[in-house]
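[1] prediction below, plus the sequence it came from.
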Amino acid sequence: MENYKMSDKRNLRDQKRRALAEKYELRHRLYKALSKDTELPMEIREKNRSKLADLPRNSSFTRVMNRCIYTGRAKAVYQMFRMSRIVFRDLAGKGILHGVKKASW
């Protein structure tokens with residue numbers, strides 16, 4: 001584990017995005033539902049669309065990226081372990097991950 005230096009900047013940015021998305025989740029869903037409701041008058045729908053557009057850009061869950069907690073890598077990250085396949089294989093091979101065993105047949 002000493003070889004993996006945590007990429008602080010990427011992970012901190014991702015944590016901020018996660019916190020912001022969680023903070024604005026209820027408002028985001030409300031404005032989105034009201035703007036898509038065809039039974040409401042057009043003025044109310046437009047008003048909710050503008051409120052939705054005024055929310056911070058990083059408050060959307062689509063901006064959140066799963067990243068490796070050790071290297072900050074964004075691709076091939078196992079969600080259950082929150083680490084990339086490369087780090088996972090290395091740590092599992094060393095026996096550091098409990099309950100994970102190399103399969104051989």
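    Right, received. Where do you want to start?
[2] tell me the centre residue of this structure?
    Val64 (3.2 Å; C-alpha atoms, centre = their mean).
[3] tell me which strands and helices the biggest helix by length in the chain is in contact with?
    If you go by DSSP state H, the chain has its longest helix at helix 8-36. For helix 8-36, the elements it packs on are helix 42-54, judged by 3 or more C-beta pairs under 8 Å, 6 or more residues apart in numbering; DSSP states H and E. C-betas here are computed from N, CA, C, even on glycine.
[4] quickly note the distance from Asn66 to Ile96.
    21 Å (C-beta to C-beta, to the nearest Å).
[5] which one's more surrounded, those two?
    Neighbour count, other C-beta atoms under 10 Å: between Asn66 and Ile96, Asn66 has more, with 14 against 10.
[6] per-residue pLDDT, Tyr31?
    We have a pLDDT of 95 for Tyr31.
[7] correct me, but it touches Leu55?
    Yes - contact status for Tyr31 versus Leu55: in contact at 7.5 Å, counting by C-beta atoms under 8 Å.
[8] sketch out the low-pLDDT regions of the protein for me.
    Applying pLDDT under 70 to the chain picks out residues 1-7, 105.
[9] in which helix or strand would I find Ala92?
    Under the criterion of DSSP states H and E, Ala92 resides in helix 85-94.
[10] who's in contact with that helix?
    With contact meaning C-beta atoms under 8 Å, 6 or more residues apart in numbering, helix 85-94 is reached by 1, 4, 68, 70-71, 73, 76-78, 81, 83, 97, 100-102.
[11] could you rerun that using 7 Å?
    Contacting residues not belonging to helix 85-94 are listed as 1, 4, 68, 70-71, 76, 78, 81, 97, 100, 102 [C-beta atoms under 7 Å, 6 or more residues apart in numbering].
[12] those residues in strands, which ones?
    Using DSSP state E, the members of those that fall in strands are Tyr78.
[13] quick check, nearest of the contacts of helix 85-94 to Gln15?
    Closest approach between the contacts of helix 85-94 and Gln15, by C-beta to C-beta: Cys68, at 13.4 Å.
[14] so how far is stretch 79-96 off the chain centroid?
    19 Å (C-alpha atoms, centre = their mean, to the nearest Å).
[15] how long is it end to end?
    18 Å (C-alpha to C-alpha, to the nearest Å).
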